[in-house]
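Asker: need a structure here:
(chains A and B)
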Amino acid sequence: MIYFNNVSKTYKDSIALDDITFTVTAGEFVSVVGHSGAGKTTLTKMILADENPSEGTVFFESINVHKLKNSDLTKLRRRIGVVFQDFKLLSNKTAYENIAFAMEVAGKTDEEIENDVPHVLDLVDLGNKILHFPNQLSGGEQQRLAIARAIINQPELIIADEPTGNLDPINTHEVVQILKKINDLGTTIILTTHNRGVIDSVGKRVITMENGKIIRDSKEGK
Amino acid sequence: MITELKRVIKAGFINFTRNGIVSWAAVLVVTITLSVITTIILLQAVLYFSLNLIKDKVDVTIYFNVGAPPERIMSLKESLLKLPEVASVSYTSDEEALALFRSRHENDYPTIQALDEIGENPLGAYLNVKAKEISQYESIANFLKGDNVLVSGSTNIIDKVNYHQNKLVIDRLSAIISGAQKLGFLITLLLIIISIIITFNTIRLTIFISKEEIGVMQLVGASKMRVRGPFMIEGAIYGIIATILTLIIFWPATAWVGRNMTGFLGIDMYDYYISNFFQIFVIILLSGILLGMISSFLAIRRYLNK
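Answerer: Prediction:
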């Protein structure tokens, strides 16, 4: 599903990614682990074409994501759900509107929005907070809202970039469980983290990065 | 497409109400800009009124010899009226000229007595010619010098044309009027440019506050127009509210100016404001909406990266 071919990314005086090659097949749950600055976030940004590689290519199925026109890129991003460490919710929209916005841009009708939004908010246990603004929610609740937004359009891939970075252990556990459930339903997940506990509880494929390089790719967790 | 438009408009309205004080700050700045534009419109009216008053005072009078036949004078009047430069020609007969002279000098006893002693009317008839533009008097004067004026006349019935005495004054006035118009235009342009820059920067600031949201919207998969649309609607709302505020502010303001400064300005501002209200409303509304929308469109551009 995703193919990184000898991808490198260099900034003026530092190397973020150094000759990265790996493949993710559909339905996989891949954890990318490494210290801060190891290149995990740059890696996820490459898939979204939020960053351009200095060398190499990134394919999403048969599409070279960095060769896409703006309008096609928008379409591609609708096929990918994204969850960030800092949630990246729309601060002046309510929980309901945050989810509704993602559906609107995916071209869903008003009826579909009215039906699906309360349902997905119930799913992440925010059914009683639909009119709350993000700053009225706790960190864990905000992350659950972000996950709800990421899954609402039934994406083929979810990228979760340090989704538990700002959460306490209980909320971390909840978020991981939700992601595992989504994966069980067939959605491919790429999760980046620097938390060993998270990887252990996921127990699936782990790619370890250091200084922009992949130093280990183990198929069975740990 | 219609659903999309409806959502964009709704989002614009919601953003406007939720941005609270920031929205009202932007409205205030747009109101100031629109007030500058309205003031300029009113000042232009004063300027044009004054200039027209001056222009109206300029004319050329053709004095005829005593006893010049009225039909020949009338035929000259007809030919003058055919000239494209001529706005109007008024005829004063020799009797009328005498009556006017008498009424003007009714307290000047020696003059009246001298006039009575002559017995007959010493004054000739005259034509008063007004041109459409001050600069056109010269060509009218030249026309009168030409041979074609008195079609079949063997005797020149024209005594004198006062253009040549007035030439210096007319030329000077002409220069002052065109100078005043140019200066007025330049000041207008300058003030409008300054106001637009200030408004643009204020709106840019309101969008700067939302720059993270813009990035998030794009990551979620919103098209550029879907991100930009609500901001442009918000800009249009600034313009509409600012228009209403401006028109309300100028109501008592022009009434005050009308009551206290009509003598000085030569024109009743309140009358002018009321009688041209619809035109002013349209100009201000369009300026406000365009200013808001274009500023938003341009300001958001730098945050809409790939």
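Asker: Would you map the strands across chain A?
Answerer: In chain A, the segments counted as strands under DSSP state E are A:2-10, A:15-24, A:29-33, A:55-60, A:63-64, A:80-84, A:157-161, A:188-193, A:206-210, A:213-218.
Asker: got it, and the stretch 201-306 of chain B?
Answerer: Assigned strands in the stretch 201-306 of chain B: none (criterion: DSSP state E, counting those that start in this stretch).
Asker: residue in it nearest to chain A?
Answerer: residue B:221 (3.8 Å; CB to the nearest CB). (C-beta placed from N, C-alpha, C; glycine too.)
Asker: Run through the residues that contact that residue.
Answerer: The contact partners of residue B:221, taken as CB atoms under 8 Å, 6 or more residues apart in numbering or on different chains, are A:74-75, A:77-78, A:102, A:105-106.
Asker: And residue B:270, by the same measure?
Answerer: B:254-255, B:257-259.
Asker: picking up where we left off before, could you export the contacts of residue B:221 as JSON lines, including neighbour count, distance to residue B:139 and pLDDT?
Answerer: Shown next, in JSON lines, are those (neighbours: other CB atoms under 10 Å in any protein chain shown; distance: CB to CB, whole Å; pLDDT from 0 to 100):
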{"residue": "A:74", "neighbour count": "19", "distance to residue B:139": "66", "pLDDT": "81"}
{"residue": "A:75", "neighbour count": "15", "distance to residue B:139": "69", "pLDDT": "83"}
{"residue": "A:77", "neighbour count": "24", "distance to residue B:139": "71", "pLDDT": "83"}
{"residue": "A:78", "neighbour count": "18", "distance to residue B:139": "72", "pLDDT": "80"}
{"residue": "A:102", "neighbour count": "26", "distance to residue B:139": "73", "pLDDT": "89"}
{"residue": "A:105", "neighbour count": "22", "distance to residue B:139": "68", "pLDDT": "86"}
{"residue": "A:106", "neighbour count": "20", "distance to residue B:139": "72", "pLDDT": "85"}
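Asker: any idea which of the contacts of residue B:270 has the most stuff around it?
Answerer: Using other CB atoms under 10 Å in any protein chain shown as the neighbour test, the contacts of residue B:270 are led by residue B:257, with 21 neighbours.
Asker: quick one: that one and residue B:265 touch, right?
Answerer: Yes: using CB atoms under 8 Å as the test, residue B:257 is close enough to residue B:265 to be in contact (7.5 Å).
Asker: What is the neighbour count of residue 90?
Answerer: Since you didn't name a chain, this refers to chain A. By other CB under 10 Å, neighbour count at residue A:90 equals 20.
Asker: Actually, chain B is the one I wanted.
Answerer: 12.
Asker: Make sure it is indeed in a helix.
Answerer: No: using DSSP: H, G, I helix; E, B strand; the rest coil, the secondary structure at residue B:90 is strand, not a helix.
Asker: so what's it scoring on pLDDT?
Answerer: Residue B:90 is assigned 88 on the pLDDT scale.
Asker: Give me the angle between the least confident helix or strand in chain A by mean pLDDT and strand A:55-60.
Answerer: Least confident helix or strand of chain A, by mean pLDDT, DSSP states H and E, is helix A:70-78 with a mean of 83. Interaxial angle, helix A:70-78 versus strand A:55-60 (axes from the mean of the first three to the mean of the last three CA atoms, to 10 degrees): 60 degrees.
Asker: coming back round to it: ramachandran coordinates for the residue of the stretch 201-306 of chain B closest to chain A?
Answerer: Residue B:221 adopts backbone torsions of phi 110, psi 20, taken as degrees, to the nearest 10.
Asker: again with residue A:166
Answerer: Residue torsions, per degrees, to the nearest 10, at residue A:166 are phi -110, psi 20.
Asker: Tell me, how many residues neighbour it?
Answerer: Neighbours around residue A:166, by other CB under 10 Å: 16.
Asker: Could you check how far it is from residue A:140?
Answerer: 9 Å (CB to CB, to the nearest Å).
Asker: part of a strand, is residue B:174?
Answerer: No: using three-state DSSP, the assignment for residue B:174 is helix, not a strand.
Asker: Roughly how far does the most far-flung residue of chain B relative to its centre sit from residue B:74?
Answerer: In chain B, residue B:117 marks the outermost C-alpha relative to the chain mean, sitting 52.6 Å out by CA atoms, centre = their mean. From residue B:117 across to residue B:74, the span is 32 Å (CB to CB).
Asker: any weak-confidence spans in the chain?
Answerer: By default, I'm working from chain A. For chain A, applying pLDDT under 70 flags the ranges A:221-222.
Asker: nope, chain B
Answerer: Ranges of chain B meeting pLDDT under 70: B:146-155, B:164, B:305-306.
Asker: Let me see the ranges of the helices in it.
Answerer: Using DSSP state H, the helices found in chain B span residues B:2-18, B:21-57, B:70-82, B:94-104, B:109-118, B:137-145, B:163-209, B:211-220, B:224-265, B:269-275, B:277-301.
Asker: Kindly reformat those helices as a markdown table containing distance to residue B:131.
Answerer: Putting the helices of chain B into a markdown table (distance: least, CB to CB, whole Å) gives the following:
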| stretch | distance to residue B:131 |
| --- | --- |
| helix B:2-18 | 54 |
| helix B:21-57 | 9 |
| helix B:70-82 | 10 |
| helix B:94-104 | 22 |
| helix B:109-118 | 32 |
| helix B:137-145 | 5 |
| helix B:163-209 | 10 |
| helix B:211-220 | 60 |
| helix B:224-265 | 26 |
| helix B:269-275 | 26 |
| helix B:277-301 | 28 |
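Asker: what does chain A have sitting close to chain B?
Answerer: With CB under 8 Å from any CB of the partner chain as the criterion, chain A meets chain B at residues A:48-50, A:70-71, A:73-75, A:77-78, A:82, A:88-92, A:101-102, A:104-106, A:109-110, A:149.
Asker: hang on, isn't residue A:120 packed against residue A:148?
Answerer: Yes: between residue A:120 and residue A:148 there is a contact under CB under 8 Å: 4.7 Å.
Asker: okay, those two: which has more neighbours?
Answerer: residue A:148 (25 against 18).
Asker: Which residue would be the closest one in the stretch 1-150 of chain B to chain A?
Answerer: Closest point on the stretch 1-150 of chain B to chain A, by CB to the nearest CB, is residue B:18, at 4.8 Å.
Asker: Any idea how many residues pack against that residue?
Answerer: Other residues close to residue B:18 by other CB under 10 Å number 14.
Asker: ditto for the one 10 residues further on
Answerer: The number of residues packed near residue B:28 is 15, by other CB under 10 Å.
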